[in-house]
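Novice: sequence first, predicted model second:
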Amino acid sequence: MHEVELDKTHKLRAKVLIGTCGLLGMLGLLLGVINILFIGLSPVLAGLQLGYALVSFWLMQRALNDNHKPWEAHLYVYGLTAIVMFAVYVARLESFMFCWALILPILYLLMLGKQTATLPASFLFIFVLIDISIKSDVMPWPMILNFSCSYALIWLIAYVYENNRERSENELQTLALLDPLTQHYNRLALSKRFQSLSQTSTLPMCILLLDLDYFKVINDTYGHEAGDIVLKACAKQISSIAGYSDTFRVGGEEFCVLVQAEHANQAVELAESIRKLISDTEFLFENQNLAVTVSVGVATFEAKMTLSNLLAKADKQLYLAKDLGRNKVMFDGGYLK
Ligand SMILES: Nc1nc2c(ncn2[C@@H]2O[C@H](COP(=O)(O)OP(=O)(O)OP(=O)(O)O)[C@@H](O)[C@H]2O)c(=O)[nH]1
């Protein structure tokens, strides 16, 4: 199955990092050269600017190849903060060097996220206010007021933007992973779950592939709406036994359950409980009781298996269950009922 990337935050942060590194790299180079050749403000500052430019181009290259680490981006932003603070500290107030502090709240929110951004933004804000107060000979209030208002406004706008973006992304992720009819997880969610379990879990993993028997007959006899009600009820019954987070609707009348168990018979017992519950239940539709059964194929995960391999293995067992008359659980050639 084609891998769908749902983490748009990582992509956005990488793009912001590339853009920031590119722009600040050029700016650092330019300012460093101007500082050395024409102004002579501070050799340390010029060195920092040139060093920062080199780091910027190096990190941009890494981000372009998507092999940068999140902590590198964090360190980069904190490094920029340190340079801005140093520049504010050494510059005269009339140079308005502190204006550079205004770009940082946006970078904090876009590159660090709203949970992490508050602390450095507050710290920088207080630092600039203290710097203005110390350096100003006359009443610093107009300058403090103007800086505070513009800084707070920029922070607020960036915060609202980041908050909405994060919420929309979460909503879209939920939508992408849920089946609209049964409100249970879908095939994409199964693939994500499988990926994380197969990489991290220490417990053996099994998969149950469940397919409702003669479901077409329900649709043909009672209508599509009745079929939908049965599908929703079956999803609920499966998840009532297997757990909501381990139940997936992977096709029309096909469901999947991921089981982590010490022994395969635990998975087979779980499959048997589900089979029994569904075959013992009558589903109510317009005062009529509808009955349905389910066939189940059980397969165990082996090292280096992909999800497709595992599903194919379970599918073989499912077809055997269907061939043997349906309403059965099959596992490696044997069946329980
Ligand atoms: N109501 C409803 N029907 C669906 C949905 N998705 C698939 N189906 C129906 O599920 C039926 C599947 O039929 P078949 O593949 O022939 O399978 P079956 O009738 O269950 O027979 P066996 O699997 O061989 O036991 C088809 O009639 C599909 O239209 C859905 O979301 N809602």
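Specialist: Okay, I see it.

Novice: wait, a strand at Leu290?
Specialist: Yes. Counting by DSSP: H, G, I helix; E, B strand; the rest coil, one finds Leu290 located in a strand.

Novice: can you give me the distance of Glu253 to Val294?
Specialist: Applying C-beta to C-beta, to the nearest Å, the value for Glu253 to Val294 is 9 Å. From N, CA and C alone the C-beta is placed, and that goes for glycine too.

Novice: need the residues touching each of these two.
Specialist: Among the neighbours of Glu253, those also in contact with Val294 (C-beta atoms under 8 Å, 6 or more residues apart in numbering) are Asp211, Leu212.

Novice: and these two? Which one has more around it.
Specialist: Comparing Glu253 with Val294 by neighbour count (other C-beta atoms under 10 Å), the higher total belongs to Val294, at 28 against 20.

Novice: quick check: closest non-adjacent residue to His68.
Specialist: In space, and not counting its chain neighbours, His68 is closest to Arg62: 4.0 Å by C-beta to C-beta, 6 or more residues apart in numbering.

Novice: tell me which parts of the protein are close to the ligand?
Specialist: Residues of the chain that fall close to the ligand, judged by C-beta under 6 Å from any ligand atom: 181, 211-216, 219, 224, 227-228, 231, 252-253, 322, 326.

Novice: what subset of those residues is buried?
Specialist: Using 16 or more other C-beta atoms under 10 Å as the burial test, the residues of the chain next to the ligand include Asp211, Leu212, Asp213, Phe215, Asn219, Gly227, Leu231, Glu253, Lys322 as buried.

Novice: and the fourth one, what does it touch?
Specialist: Phe215 makes contacts with Gly227, Val230, Gly252, Glu253, Val292, as judged by C-beta under 8 Å, 6+ apart.

Novice: under the pLDDT cut-off, which ranges of the stretch 1-150 of the chain? List them.
Specialist: For the stretch 1-150 of the chain, the stretches with pLDDT under 70 are 1-5, 40-41.

Novice: on that earlier part again, redo the contacts of Phe215 as TSV? Include pLDDT and distance to Leu310.
Specialist: Output for these, formatted as TSV (pLDDT from 0 to 100; distance: C-beta to C-beta, whole Å):
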residue	pLDDT	distance to Leu310
Gly227	95	28
Val230	96	27
Gly252	94	20
Glu253	96	20
Val292	95	26
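
Novice: tell me which of these is nearest to Ile132?
Specialist: Distance to Ile132, by C-beta to C-beta, is smallest for Gly252 among the contacts of Phe215, at 66.9 Å.

Novice: what about that closest one, which SS state?
Specialist: coil.

Novice: for it, which non-adjacent residue is closest in space?
Specialist: Nearest non-adjacent residue to Gly252, counting by C-beta to C-beta, 6+ apart: Phe215, 7.6 Å away.

Novice: looks to me like Ile278 is in a helix.
Specialist: Yes. The assignment for Ile278, made by three-state DSSP, places it in a helix.

Novice: which pLDDT value belongs to it?
Specialist: In the predicted model, Ile278 carries a pLDDT score of 97.

Novice: quick one, strands of the stretch 1-150 of the chain?
Specialist: Taking DSSP state E, counting those that start in this stretch as the criterion, the stretch 1-150 of the chain contains no strands.

Novice: who's in contact with Val294?
Specialist: By C-beta under 8 Å, 6+ apart, the neighbours of Val294 are Leu210, Asp211, Leu212, Asp213, Cys234, Ile274, Arg275, Ile278, Ser279, Asn327.

Novice: what ranges does the stretch 151-300 of the chain have for its strands?
Specialist: Going by DSSP E, counting those that start in this stretch, the stretch 151-300 of the chain shows strands at 205-212, 247-249, 254-260, 282-285, 288-291, 294-300.

Novice: and the spatially closest residue to Ala91 that is not a sequence neighbour, what is it in contact with?
Specialist: Excluding its sequence neighbours, the residue lying closest to Ala91 (C-beta to C-beta, 6+ apart) is Met97, at 3.7 Å. For Met97, the contacting residues are Ala87, Val88, Ala91, by C-beta under 8 Å, 6+ apart.

Novice: can you say which of these are buried?
Specialist: With burial judged by 16+ other C-beta under 10 Å, the buried subset of the contacts of Met97 is Ala87, Val88, Ala91.

Novice: sweet, I'm off.
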